[in-house]
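Chemist: here's a sequence, model it:
(3 chains)
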Amino acid sequence: MLSVEHLPVLVVVISMLSSFTILIAGWLNKKSCCFISFATILIQFIMSLFILHHVTTDGPIIYWLGGWSPPWGIEYVVDALNAYVLVLLLFLALVCVTYSKRNIEHELPHQIVSFYALFQLLITGLCGITLTGDIFNMYVFIEITSLSAYALIASRGKIALKASFTYLVLGAIGACFFLLGIGFLYAITGTLNIHDLSLILPSYYENRAVQAAFVFFTVGLSIKMALFPLHVWLPDAHSFAPSEISALLSGIIIEVSTYAFIRICFSVYTVDFITRYVPIFDFICWLSAIGIIVGSILAIAQYNLKRMLAYSSVSQMGYIMLAVGLSTSTHSPLWGGLNPALMHIVNHALMKGCLFLVAGAFIYKAELWDIADLKGLARKMPYTCFGFTLAAISMIGVPPSVGFVSKVYIIFASLDAASAGHPAYIVFVAVLLFSTLLNLVYFWRVVETLYMKGEDIHSQSVKRDELPLSMLIPVLILAALCIIVGIFWLIEMPLPVFDQINALFGLGEYATS
Amino acid sequence: MIAEVESLTPVIAILCPAIASILIILFGKWPNIREGWTMLAAVLQFLIVISMVPVILEGNIIKCIFFTPFPGVEFGFSVDAFGLVFAITSSFLWILVSSYSIGYMRSLHEHAQTRYYFCFAWAIFGAVGIALSGNLLTMFIFYEILTVSTYPLVAHDQTPEALFAGRKYLAYLLTAGVFFLAALIITYHISGTMDFVNGGIPNLAAEASRATLMVLFMLFLLGFMKAAWMPFHSWLPTAMAAPTPVSALLHAVAVVKAGVFGIIRVVCYIFGVDLMHALGLGLVLISIAIFTIIVANLFALAQDNLKKRLAYSTINQLSLVIFGVALLTPAGIEGAMIHIPFHAFMKITLFMCAGAIMVASGKRNISDMAGIGRVMPVTLITFTIGALGMCALPPTAGYLSHHLLVHGCEEAGGAISYFPYILLIAAILDVMYFFPIIYIAFFKKPEGGSKLKEAPLFMLVPIVITATCSIIFYFYPDLFYMSDLVETAMSSLNIGGGVHP
Amino acid sequence: MILIDEPLMFAFVAFWIIWMAIFKTPPGQWLIRLCEGPLMTFARYIDFHVMKLAAFFVWVSTNPVAAMRIKGKEVKLKVEQPSITPEKAAEYERDLEEIHKMQPQREPMVRLNIGTALLLILVFIALYLLSMFIGRWLAP
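Modeler: Model prediction:
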């Protein structure tokens, strides 16, 4: 009988093995690649559900790779935060792989095998980042993720190569910063294990190298997660990748970097360090507030749908990082601590995933990239466009969608922080509300073009030209979840998982001060 | 003592249009069945809503709570007498307008009818949801649903003009939604509750400074841009690009009434009359209302397009409701509350007449309508009844609410006891722009022979019903329990006759 | 009060009907003309400027940087206006005309080149190092 303790490592291992299997199987039969990938991710997803269940009921899972005990060997530690992100990540991957079958056959007919091999490798990397309890191991997985992402973005060739190269250079710089941070910490503490570090570090908090390491981590991960002034690579990369990869990039890859950031901030370092020695969160809050506005304004300026969505991701990352930045100064059981951030990670994955998949659908059907070309598509592809509309009104934040809930929670968090010693944070309320309006401007433009524009409105005979089911179902699932999960948040908050995460890091109502 | 009755009735009432909308989509290819579902849902909803009346009249509140998103804020319905007034109005008029829509849409061979009925059902879902909701959060959710679902109706024609109207509509109303959201969040942050409480949230005054409360009230007021108070009214005349049934039900009843409904809720159930007095906000509201009443009437005088003229008249009448509630006296608030259903019935008559004229003759401008009353007598007679109501003349419902408002001014005392003269001026202006229409339609000679006839029966019957109702209200204001419900609402509010400073 | 208000109302209606019967045209033509003329002109003026403002935002949003540059040039020319000599007036007019014609270009698809991005990152590192060192020097 397989016990749950072994699942974390299995999630990573079977994913990696499957990547090689795809390479071999694809040699014999191209069609098999997608199924292998699908099956693997499905199994991983089911495992992750078991892990989440186990973690929330019985506490963290700790697994020593090869039986080596921690300071020397690599350790996988799964607590509520990992498990939560892992489930989300595998869910979105499952949706994207379902969608990719027809799309890849159409778009990259000659690269099916390499696409799926890389895709699986990407998933491996992402799972690795979330599961590992070793900071150097995390770096390795970040590199695996990034390398496969570079290749996947470049897979269209031509102009995508340039976008991919930009991403590569900047991603490499980000990884360098991260590695530099690890180096500093290792030089001082002599350990790479996260738990170990958290025990040793507090006595070195005065040390400048330790503080510098933290700043290096921050800058490195800020590049990876496209925090406002370092977002420059994102629009190019996201708009030229194949759509399911765009969906993953926007929906989960930058979020996993956020996860890494949260892990570094609260597991390697502590709340105490962040509030007392390097008070960087205040700065991050303001940066993300600017990012929210600038990202939205730049999104308005776009005429290419995928590029517009990419800029919207910059703005949405601002939401997440704003929520992370507020986490140390809010103490409510509902919107205190990391709750709004974790909530918006899910929400953004659902919304942006759906939007990118729909954008991909338009490209799949008729090579339509520009918003102005989408005239009257709602009559040809009613279900797809309905999905887009649901996700778009979620982005705008019309209740009871997910966007509404996270907006309200972040507003409450900033009000909370404003009344708890940061009066200037009241500005964030205005920023969030204003960004709602900007979102309205650029999403409604698309919806209007889909539904209300186009010739021959009176002719009854428009030929339906709907997506194949294997692409339509993922879109509709994500779109439906945009509403269902929104209602779920309203009903179920405070979630026990979130409670455990806050308790773990001493945030929110568990803050000790 | 107010008893709270737990019941699922409000949910069933809300679900009627929601389920109907799905059926409408499914049966989109068979127009008769599709419209059958609309009618059935409308009738069912009305019956369910009316079935709640006896419980409410005993002074009880029907509650139905689903979940608690934030501590102290429950998502769910809480039906009181005032909410029921609005719910009955909009659900009853939905029946009539559905029938009218069938006639209108089929006569004009409009496109995308399935989308039209689908969105219409959701708009009613939103409107009745607003009426039955028991706190600001629930109200906000339905408020936004109402905004979004009416957009496709406004932009229905898909001409550049209609698209522009739709864009303007959304730009105004979703911006308003943002202000509303800010206001409700601040309310919650200050007082820890969002419930509508008779006489206002008790701890609101104690927890916040005067300036904060002023800002909060302005945010609420901006949030209720749906009430089309000036200078934020210009979406309403522009939205007249929509098909006439939409203008009739939504821009005379559901959407705009949701705005004034919200203002009354905020004044009486969030701030409370005493706090409004203490802050001097009543005068602010009165000034806005008077400005709107007069200027909207002047604008109406200048319009030649019948629907536009009616739109400005709507703006004027909405501000009459705001005026009533701003008096902060029992009679004033009662007048405001009762004016919601009364004006709804009268204005819908006028709009439906305008649509009937358009369907039968294709005429939109008043100056073209010479002699039209002779060929379409039924339509124009009902129009006259509606117009009399707008001018607050007997024997129509408008006279009653006007009477109450004048009474409210008298109760308020001080300088306000001279305000009936402003109402008089408004009524005189009403006469000046409604009577010429009647004169032109009945007494002017038509140019050239016309082969016009009355609009289809589907359209005519609803018009006659609403016009008759507007008259019945004058003799028997308790039709649909309206006056009883308002009395109940007033007695639970329990306002003393205050005196303005 | 009620006694005064409502009879006045009825009196006006009666007056209106009698006036109509005699003159065949509604009373208060001056008011209607006032509304149709000055009042509507004023309303349209306001509306026009609001729409112009909205249109300006749309115009800016196509490419904020370019739009701002164009606007900046326009403002600069307008500031220079008082010092324009009659000889240069024609040239000035032409300049102004040209600027009005300029439209912000749409952003090209690949905007970022790697050099800019690298520079940006280097600037950040420099800033960081600077703050580190200053911090150390200033530290007690």
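
Chemist: up against chain C, what does the stretch 351-500 of chain A have?
Modeler: By C-beta under 8 Å from any C-beta of the partner chain, the residues of the stretch 351-500 of chain A that approach chain C are A:V441. Heads up, the C-betas are built off the backbone N, CA and C, glycines and all.

Chemist: B:A289: neighbour count?
Modeler: 26 (other C-beta atoms under 10 Å in any protein chain shown).

Chemist: helix, strand or coil for it?
Modeler: Secondary structure, DSSP: H, G, I helix; E, B strand; the rest coil: B:A289 is helix.

Chemist: repeat for the one 3 residues further on
Modeler: Three-state assignment for B:T292 (three-state DSSP): helix.

Chemist: make sure it is actually in contact with B:W229.
Modeler: Yes: counting by C-beta atoms under 8 Å, B:T292 touches B:W229, with 5.1 Å between them.

Chemist: what residues are shared contacts of the two?
Modeler: Common contact partners of B:T292 and B:W229 (C-beta atoms under 8 Å, 6 or more residues apart in numbering or on different chains): B:I315, B:L318, B:S319, B:I322.

Chemist: now neighbour count, pLDDT and distance to B:A300 too, for those residues, in a markdown table please.
Modeler: A markdown table is the format used below for the shared contacts of B:T292 and B:W229 (neighbours: other C-beta atoms under 10 Å in any protein chain shown; pLDDT from 0 to 100; distance: C-beta to C-beta, whole Å):
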| residue | neighbour count | pLDDT | distance to B:A300 |
| --- | --- | --- | --- |
| B:I315 | 26 | 92 | 8 |
| B:L318 | 30 | 92 | 13 |
| B:S319 | 30 | 92 | 12 |
| B:I322 | 26 | 93 | 17 |
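
Chemist: out of those residues, which sit inside helices?
Modeler: B:I315, B:L318, B:S319, B:I322 (DSSP state H).

Chemist: ok, B:F179 - how many residues close by?
Modeler: 18.

Chemist: quick one: what helix or strand has it in it?
Modeler: Using DSSP states H and E, B:F179 falls within helix B:160-191.

Chemist: name the residues of that helix that are buried.
Modeler: Buried residues in helix B:160-191, defined by neighbour count with 16 or more other C-beta atoms under 10 Å in any protein chain shown: B:162-163, B:165-191.

Chemist: state the helix or strand in which residue 34 lies.
Modeler: All of this is about chain A. Going by DSSP H and E, A:C34 is part of helix A:32-58.

Chemist: wrong one, chain C
Modeler: Taking DSSP H and E as the criterion, C:L34 maps to helix C:29-34.

Chemist: need the pLDDT of the closest residue to B:S107 other than its chain neighbours.
Modeler: Take B:S107 and drop its neighbours on the chain: the residue closest to it by C-beta to C-beta, 6 or more residues apart in numbering or on different chains is B:V359, 4.8 Å away. The score at B:V359 is 86. That number is its pLDDT.

Chemist: cool, and A:V485?
Modeler: 92.

Chemist: isn't it right up against A:L350?
Modeler: Yes: A:V485 lies in contact with A:L350 (C-beta under 8 Å); the separation is 6.3 Å.

Chemist: give me the common contacts of these two.
Modeler: Each of A:V402 lies in contact with both A:V485 and A:L350 under the rule C-beta under 8 Å, 6+ apart.

Chemist: neighbour count winner among the two?
Modeler: Remark: of A:V485 and A:L350, A:L350 carries more neighbours, 30 against 22, as counted by other C-beta under 10 Å.

Chemist: I'd say the more buried one and A:I484 touch.
Modeler: No: applying C-beta under 8 Å, one finds A:L350 not in contact with A:I484, separated by 9.5 Å.

Chemist: can you tell me the helix or strand for A:S315?
Modeler: helix A:305-326.

Chemist: can you give me the offset of that helix from its chain's centre?
Modeler: 10 Å (C-alpha atoms, centre = their mean, to the nearest Å).

Chemist: what's the following helix or strand after that helix?
Modeler: helix A:339-366.

Chemist: need the contact list for the residue nearest the centre of chain B.
Modeler: Among the residues of chain B, the one closest to the centroid is B:K257, at 2.4 Å (C-alpha atoms, centre = their mean). Counting by C-beta under 8 Å, 6+ apart, B:K257 makes contact with B:F86, B:T89, B:S90, B:A127, B:L318, B:I340, B:A344.

Chemist: excluding chain neighbours, what is closest to the last one?
Modeler: So the one you mean is B:A344. Nearest non-adjacent residue to B:A344, counting by C-beta to C-beta, 6+ apart: B:V253, 4.5 Å away.

Chemist: isn't A:G67 up against A:G73?
Modeler: Yes: between A:G67 and A:G73 there is a contact under C-beta under 8 Å: 7.4 Å.

Chemist: and the nearest residue to B:L279 once chain neighbours are set aside, what helix or strand is that in?
Modeler: Residue nearest to B:L279 in three dimensions, not counting chain neighbours: B:L213, with 5.9 Å by C-beta to C-beta, 6+ apart. Element membership of B:L213, judged by DSSP H and E, is helix B:210-223.

Chemist: avg pLDDT for that helix?
Modeler: Average pLDDT, helix B:210-223: 91.

Chemist: for the next helix or strand after it, list the C-alpha coordinates in PDB.
Modeler: Using DSSP H and E, the helix or strand that follows helix B:210-223 in sequence is helix B:235-238. Taking C-alpha atoms only, helix B:235-238 is exported to PDB below (Å, rounded to 0.1, in the frame of the first residue of the first chain):
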ATOM      1  CA  TRP B 235     -27.000  58.300 -19.700                       C
ATOM      2  CA  LEU B 236     -30.700  58.100 -19.500                       C
ATOM      3  CA  PRO B 237     -31.800  60.100 -22.500                       C
ATOM      4  CA  THR B 238     -29.000  58.400 -24.500                       C
END
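
Chemist: show me what helix B:235-238 is packed against.
Modeler: Under the contact criterion of 3 or more C-beta pairs under 8 Å, 6 or more residues apart in numbering or on different chains; DSSP states H and E, helix B:235-238 touches helix B:160-191, helix B:306-326.

Chemist: pull the distance from it to the chain's centre.
Modeler: On C-alpha atoms, centre = their mean, the centre of helix B:235-238 falls 15 Å from that of its chain.

Chemist: up against chain B, what does chain C have?
Modeler: Checking chain C against chain B by C-beta under 8 Å from any C-beta, the hits are C:1-2, C:4-6, C:8-10, C:12-13, C:16-17, C:20, C:26-28, C:31-32, C:35-36, C:39-40, C:43, C:47.
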